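Asker: give me coordinates for this.
(chains A and B)
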Protein chains: 2
Amino acid sequence: MSAGTCTDDAVARAGLTAIAMPGDPLMRTLLEHHPPELIWSALRAGSPLLSTADDPAKAARLRRWQAKAKEVDTDVLLTLAAEAGIRLVVPSDPEWPSQLESLGPTRPCALWVRGAHDLRNACLRSVAVVGARAATAYGLHVAGELSHTLSERGWSVVSGGAYGIDGAAHRGALAGSCATVVVLACGLDVGYPRGHDRLFTDIAERGVLVSEHPPGAVPTRKAFLVRNRIIAALTPGTVVVEAGTRSGAINTATHARDLLRVLMAVPGPVTSALSAGCHRLLRDWQAVCVTDAHDIIEQVGHIGADLRPDDAPLLEHDDLDATARTLVAALSTTEEAGAVAVASATGLDLDAVLRGLGLLAAAGHVERVGAGWRVRSRKHRGSQGRDVR
Amino acid sequence: MSAGTCTDDAVARAGLTAIAMPGDPLMRTLLEHHPPELIWSALRAGSPLLSTADDPAKAARLRRWQAKAKEVDTDVLLTLAAEAGIRLVVPSDPEWPSQLESLGPTRPCALWVRGAHDLRNACLRSVAVVGARAATAYGLHVAGELSHTLSERGWSVVSGGAYGIDGAAHRGALAGSCATVVVLACGLDVGYPRGHDRLFTDIAERGVLVSEHPPGAVPTRKAFLVRNRIIAALTPGTVVVEAGTRSGAINTATHARDLLRVLMAVPGPVTSALSAGCHRLLRDWQAVCVTDAHDIIEQVGHIGADLRPDDAPLLEHDDLDATARTLVAALSTTEEAGAVAVASATGLDLDAVLRGLGLLAAAGHVERVGAGWRVRSRKHRGSQGRDVR
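Answerer: Have a look, this model is predicted:
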């Protein structure tokens, strides 16, 4: 949303992302007791917020935030963001991924988002694929292959933006047919590391970039660790492809386990230090041993499916926009239809139909079958879902 | 034992191994209801054994056994075996590994044994290390390393005699300080495959060869699968190093699982078909992911230890021979003594002391500490046992 159309709640949340680190425990306490507008206006006015702010450290932090809040012009922030193609997504927005609520008090206050895809839709059927920066050729190969097959089978890949496994996962997913989601620990215009500029541009065109940090924010070591909880929380499952025994990927695995998401690890040679973290997850954390995309889909593919009758659509279509609803209505769960037939049935032009079907497939609503398309039903999940093997 | 010193029970069991396949269900039924001497004499005399042998297939098999039994001269069999250095071990012998009783009705009738070590002692602290014949360089390397470290830490390796992982496991163990045990699916004088002749000779000198088959018996495909239950039953745990999804090693794993032994698998590259079986064991069979000898000892090292006070000897010494008991008596569980001191204290010559201590260490009774030796106690298991990591 641009600055002009923002609610007071959104403007306040934008401001709060500019003054406090994500996951800050004091800000968390404030947000548990007060609406964001009140916190933001109190900080800007310098009025007291915590009646019990007798802790000197807390009082000092509040003073720093008050000073920063007076310097932040949310209008300018939101306008510059909009000019860079970055939108703010807050919990009341349809694009908000409601699975982040499982983070409880550490859920993000707001997310900065860039890219053609809808974040919520992109994450409905998604898997986190994470691992070491200093990956081996083996790890890069496996991350790329896994992610490509996941993407071809209608599953989005979610990862960080680092060199190594993260990059290989996104590149593999981009070579497939589904959205890829990168969660950064800095402003989306900063896009660290710079060597991934081209990759981030590709993801903006065919996926989503996400950050808790406002445009201009530079990455810090702590920010990477805090960021990892978002990667784990966005997805029903996390796959660690390669990791040393102490690494960011193991940190993401911790979050996935704490959030009761499916934790998976790819085995590798026992002679490789970069598989040692994965083997520890398998031995001590009861991570599931996965060797290919089929194994992964078998683990995460059942979510939500057990509640639906066989021929019913797999996903609800209520939140789709008008064009997408028109397209879904023109398809059935049992017989496939070609894009030309859909264009003729709906009166939409062929380009719009192809683009719309691609987006719907990425979000898991429809699937390609031979040369045609159909609405994904529970029964037909077999071709992409739990019963694959 | 030689033919001359055999009990009637042992002679009868020797004869039975020469006429029926190990694990034969009809022989199993006979042994459940009659002592071996009775079965053997009845078969040789052609007298009826099964009052209800109305099943034509069973009756035919009994007739075949009767014909074979008349041809077998157990005296010649035991004499030829003794000349080839092969002894018969039956359940009433001190050398019988009583853990085989857990096989229930499929326990072997008798074992043919060759080698310097006592089979029962060698298997007290042992691990089965098994895997594919057509192993990769990775699998051979890992099998050798694991087995060498296990052997150095006082654990015997038990495996088959095949090329690939089996051979690498034995070679690694022979390079260590502990016995290695090979279970063959043919006569110990046949020693299939012939390319392992030299390996089997080395094992005879510094370990044990075991078979259910009498001297002269040639291997059959079925015999390998039946043999695998012995490997699993002799040991508290089985490690699969490399295996396709359908392989003899997976068959051994099945036996280990059915016998409630610890089942372990070594992970490998997901791109390797020869690690696919291991990964399936990890994912679907809840095998423990092990990456080195420490991991393995951690899994199998607790057996029997929880029942003993810290300073008590880890193993009972009652079954040891006179020299071994003298050596154990000259050592303590708390302070180490050099071999020269032991020789002087016991009046034995240094060669006998060194040889005796080596055998005692192989069987887990004593351990090397620096330049000296001590009796292994529960407390000191930490240096070799469960608390290693």
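Asker: list the contacts of the residue of the stretch 201-350 of chain A found nearest chain B.
Answerer: Proximity to chain B, evaluated over the stretch 201-350 of chain A using CB to the nearest CB, is greatest for residue A:267 at 3.2 Å. Bear in mind the C-beta positions are built from the backbone N, C-alpha and C, glycine included. Counting by CB atoms under 8 Å, 6 or more residues apart in numbering or on different chains, residue A:267 touches A:275, A:278-279, A:282, A:289, A:291, B:267-270, B:275, B:278-279, B:282, B:289.
Asker: tell me which of the residues you listed is nearest to residue A:254?
Answerer: Lowest distance from residue A:254 to those (CB to CB) belongs to residue A:278, with 14.1 Å.
Asker: wait, is the closest one part of a helix?
Answerer: Yes. Assessed with DSSP: H, G, I helix; E, B strand; the rest coil, residue A:278 lies in a helix.
Asker: gap between it and residue B:328?
Answerer: For residue A:278, the distance to residue B:328 equals 44 Å [CB to CB, to the nearest Å].
Asker: just to be sure, the residue of the stretch 201-350 of chain A closest to chain B is in a strand?
Answerer: No. Secondary structure assignment (three-state DSSP) places residue A:267 in coil, not in a strand.
Asker: what does the pLDDT read for it?
Answerer: Looking at residue A:267, its pLDDT is 98.
Asker: quick check: closest non-adjacent residue to it.
Answerer: For residue A:267, ignoring the flanking residues on the chain, the nearest one in space by CB to CB, 6 or more residues apart in numbering or on different chains is residue B:267 at 3.2 Å.
Asker: now the one you found, what are its backbone angles?
Answerer: phi -70, psi 170 (degrees, to the nearest 10).
Asker: could you report the neighbour count for residue A:243?
Answerer: By the criterion of other CB atoms under 10 Å in any protein chain shown, residue A:243 has 31 neighbours.
Asker: is it true that residue A:103 touches residue A:233?
Answerer: Yes. If you go by CB atoms under 8 Å, residue A:103 and residue A:233 touch, sitting 5.1 Å apart.
Asker: and for those two, which residues touch both?
Answerer: Common neighbours of residue A:103 and residue A:233 (CB under 8 Å, 6+ apart) are residue A:259.
Asker: more neighbours: these two, which one.
Answerer: More neighbours surround residue A:233 than the other of residue A:103 and residue A:233, with 27 against 17 (other CB under 10 Å).
Asker: wait, that one sits on residue A:100?
Answerer: Yes. Proximity of residue A:233 to residue A:100 meets the contact threshold set by CB under 8 Å, at 5.3 Å.
Asker: and for these two, which residues touch both?
Answerer: residue A:107.
Asker: pull up the residues of the stretch 1-150 of chain A that are close to chain B.
Answerer: Proximity of the stretch 1-150 of chain A to chain B, by CB under 8 Å from any CB of the partner chain, involves residues A:138, A:141-142.
Asker: tally of neighbours for the closest residue to residue A:106 other than its chain neighbours?
Answerer: Closest residue in space to residue A:106, ignoring its immediate chain neighbours: residue A:23 at 5.3 Å, by CB to CB, 6+ apart. Residues near residue A:23, counting by other CB under 10 Å, number 21.
Asker: tell me how far the residue of chain A positioned farthest from its centre lies from chain B.
Answerer: The outermost residue of chain A relative to its centre, with distances by CA atoms, centre = their mean, is residue A:54 at 38.3 Å. For residue A:54, the distance to chain B (CB to the nearest CB, to the nearest Å) stands at 46 Å.
Asker: doesn't that residue lie inside a helix?
Answerer: No. Judged by three-state DSSP, residue A:54 forms no part of a helix; its state is coil.
Asker: tell me the pLDDT at it?
Answerer: 72.
Asker: for residue A:267, see how far away it is.
Answerer: From residue A:54 to residue A:267 the distance is 53 Å (CB to CB).
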